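Chemist: Test case, fold it:
(one chain, ligands or ions: 1)
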Amino acid sequence: MRSAAGGQRAASDDGIPAHVAIIMDGNGRWATQRGKARTTGHLAGARTVRSVVEHARRTGIPVLTLYAFSADNWRRPEAEVAALMSLFRRYLAAEVSRCLENGIRISVIGRRDRLAPALVRGIEAAEAATRHCRDLRLRLAVDYSARDAIVEAARNTDGVPMTRSGFVRALALASNDLDVVPDVDLLLRTGGEQRLSDFLLWECAYAELVFTRRLWPEFTPRDLDAALLEYRRRDRRFGAIEAAAG
Ligand code: FPP
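Modeler: Okay, the predicted model is just below:
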């Protein structure tokens, strides 16, 4: 099936979205409610990342993109930013072997020029080690802005025909991704807010949006199943009158 937005493959007949994207919100509130520092919430959020990634692989979701740090998150207090960056570096170092065992390929999308060299080295090492893995493509968005990626792609279309598929290739390159992934079928946001926050704006053109009040640290595999069920109930017409055939 071809989606209307970018010409990429959309969900398969089995009702599993080809690409799930998650805005992981609510770490800070989760910690504050417990009288703890916000960074404790991020640590708990990293544990949720691990369980959700494993569940996504078991479920057969081919591509999962997690919004870990937006380009606007640099405006947070220095100590919180430093704690998050350190958490990403430790997560990448710790998860490579688990990803290799489970066939999970890691990619990181977003700018790299503002990241610490040690983190960039960690990203490159994780990407290189897992490049051959095929069961799940895990993309972490770090220092990511969809609008910046679109502007960068528009700047770098030299020699690429200005078609949807040409632009999608330029967009992947602008996000530091090596190849094109399908458009987002299901966008999920935890934490009760209902906005996109500059995440995958082009890729979400026809995404089904699911919002849950659950705070990210308490989000469970069962909550992901509930979102997938909600997704399967949606009538996706891509602008037509009847649902598109697979
Ligand atoms: C938004 O919640 C969350 C973030 C900006 C950070 C997301 C990071 C993680 C889930 C940590 C681990 C990630 C990886 C990839 C290891 P918030 O802190 O803004 O929550 P609030 O709205 O309650 O303040």
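Chemist: List the buried residues of stretch 159-167.
Modeler: Phe167 (16 or more other C-beta atoms under 10 Å). For every residue, glycine as well, the C-beta is placed using N, CA and C.
Chemist: quick check, distance from it to the centre of its chain.
Modeler: 24 Å (C-alpha atoms, centre = their mean, to the nearest Å).
Chemist: Can you say which helix or strand has whichever residue of the chain sits closest to the ligand in it?
Modeler: Closest residue of the chain to the ligand, C-beta to the nearest ligand atom: Gly28 (2.5 Å). According to DSSP states H and E, Gly28 maps onto helix 27-33.
Chemist: who in the protein is up against the ligand?
Modeler: Residues of the chain lying close to the ligand by C-beta under 6 Å from any ligand atom are 24-29, 41-42, 45-46, 49, 66, 68-69, 73, 84, 87-88, 91, 140, 191, 216.
Chemist: Count the residues that sit near Leu92.
Modeler: Using other C-beta atoms under 10 Å, Leu92 is surrounded by 23 other residues.
Chemist: Verify the stated contact: it with Arg121.
Modeler: No - if you go by C-beta atoms under 8 Å, Leu92 and Arg121 don't touch, sitting 9.7 Å apart.
Chemist: related to what we said a few turns ago, of the residues of the chain next to the ligand, select the buried ones using a PyMOL command.
Modeler: In PyMOL syntax, the buried subset of these is picked out as below (16+ other C-beta under 10 Å):
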select buried, resi 24+25+26+27+28+29+41+42+45+46+49+66+68+69+73+84+87+88+91+140+191+216
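Chemist: Determine how far the helix holding Gly28 lies from the middle of the whole chain.
Modeler: Relative to the mean C-alpha coordinate of its chain, helix 27-33 is positioned 22 Å out (C-alpha atoms, centre = their mean).
Chemist: can you start the count at 581 instead of 1 from here on
Modeler: Let's use 581 as the start, then, which means that last one is helix 607-613.
Chemist: residues in contact with that helix?
Modeler: Residues outside helix 607-613 that contact it (C-beta atoms under 8 Å, 6 or more residues apart in numbering) are 617-622, 624-625, 771, 795-798.
Chemist: now the residues you listed in CSV, with secondary structure?
Modeler: Output for the contacts of helix 607-613, formatted as CSV (DSSP: H, G, I helix; E, B strand; the rest coil):
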residue, secondary structure
Ala617, coil
Arg618, helix
Thr619, helix
Thr620, helix
Gly621, helix
His622, helix
Ala624, helix
Gly625, helix
Gly771, coil
Leu795, coil
Trp796, helix
Pro797, helix
Glu798, helix
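Chemist: what residue is smack in the middle of the chain?
Modeler: Among the residues of the chain, Thr645 comes closest to the average C-alpha position under C-alpha atoms, centre = their mean, at 1.8 Å.
Chemist: The protein: helices as residue ranges?
Modeler: 607-613, 618-639, 658-682, 697-710, 726-735, 744-754, 801-813 (DSSP state H).
Chemist: Return the member of those having the minimum mean pLDDT.
Modeler: Lowest mean pLDDT within the helices of the chain: helix 744-754, at a mean of 90.
Chemist: Let me see the contact set for Asp803.
Modeler: Asp803 touches Thr792, Arg794, counting by C-beta under 8 Å, 6+ apart.
Chemist: Same question for His599.
Modeler: His599 sits next to Ile641, Pro642, Val643, Leu644, Thr645, Val761, Pro762, Asp763, Val764, Asp765, Leu766, Glu783 when contact means C-beta under 8 Å, 6+ apart.
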